[in-house]
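Enquirer: Structure for the following, please:
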Amino acid sequence: MVLLSIKHVQMMKKERKQIISNIKKHLLLAICHTYAKLWKG
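Expert: Just a heads-up that it's a prediction; the model follows:
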């Protein structure tokens with residue numbers, strides 16, 4: 001059970017890192033889009 005919980009925690013940490021990186025990518029894309037609109041506008 002302890003081994004399972006440790007593995008589970010490691011998986012959660014990996015998933016959290018992936019989610020954070022995805023959010024950062026989305027934010028960067030959104031910022032780029034807004035800047036492009038401002039420059040064109």
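Enquirer: Give me the mean pLDDT for stretch 5-14.
Expert: For stretch 5-14, mean pLDDT is 92.
Enquirer: now do stretch 32-41
Expert: Averaging pLDDT along stretch 32-41 yields 92.
Enquirer: Just give me the neighbour total for residue 7.
Expert: Other residues within reach of residue 7, judged by other CB atoms under 10 Å, total 10. Glycine gets a C-beta too; all of them are placed from N, C-alpha and C.
Enquirer: hmm, I was thinking of residue 34
Expert: The criterion is other CB under 10 Å. On that basis, residue 34 has 10 neighbouring residues.
Enquirer: State the distance from it to residue 25.
Expert: 15 Å (CB to CB, to the nearest Å).
Enquirer: Please, where are all the helices along the chain?
Expert: Under the criterion DSSP state H, the chain contains helices at 2-40.
Enquirer: And residue 9, how close does it get to residue 33?
Expert: Counting by CB to CB, the separation of residue 9 from residue 33 is 36 Å.
Enquirer: Residue 18 now?
Expert: In this structure, residue 18 lies at 23 Å from residue 33, with CB to CB as the measure.
Enquirer: Equivalent analysis for residue 5, please.
Expert: According to CB to CB, residue 5 stands 42 Å off from residue 33.
Enquirer: Residue 27 now?
Expert: The separation that residue 27 has from residue 33, given CB to CB, amounts to 11 Å.
Enquirer: do residue 3 as well
Expert: Distance of residue 3 to residue 33, given as CB to CB: 45 Å.
Enquirer: Residue 17 too?
Expert: Remark: distance between residue 17 and residue 33 (CB to CB) = 25 Å.
Enquirer: repeat for residue 25
Expert: For residue 25, the distance to residue 33 (CB to CB) stands at 13 Å.
Enquirer: repeat for residue 15
Expert: 27 Å.
Enquirer: and residue 3 and residue 33? which has more neighbours close in?
Expert: Set side by side, residue 3 and residue 33 show unequal neighbour counts under other CB under 10 Å, the larger going to residue 33 at 10 against 7.
Enquirer: so how many other residues sit close to residue 17?
Expert: Residue neighbour count, defined by other CB under 10 Å, stands at 10 for residue 17.
Enquirer: what's near enough to touch it?
Expert: Neighbouring residues of residue 17 by CB atoms under 8 Å, 6 or more residues apart in numbering: there are none.
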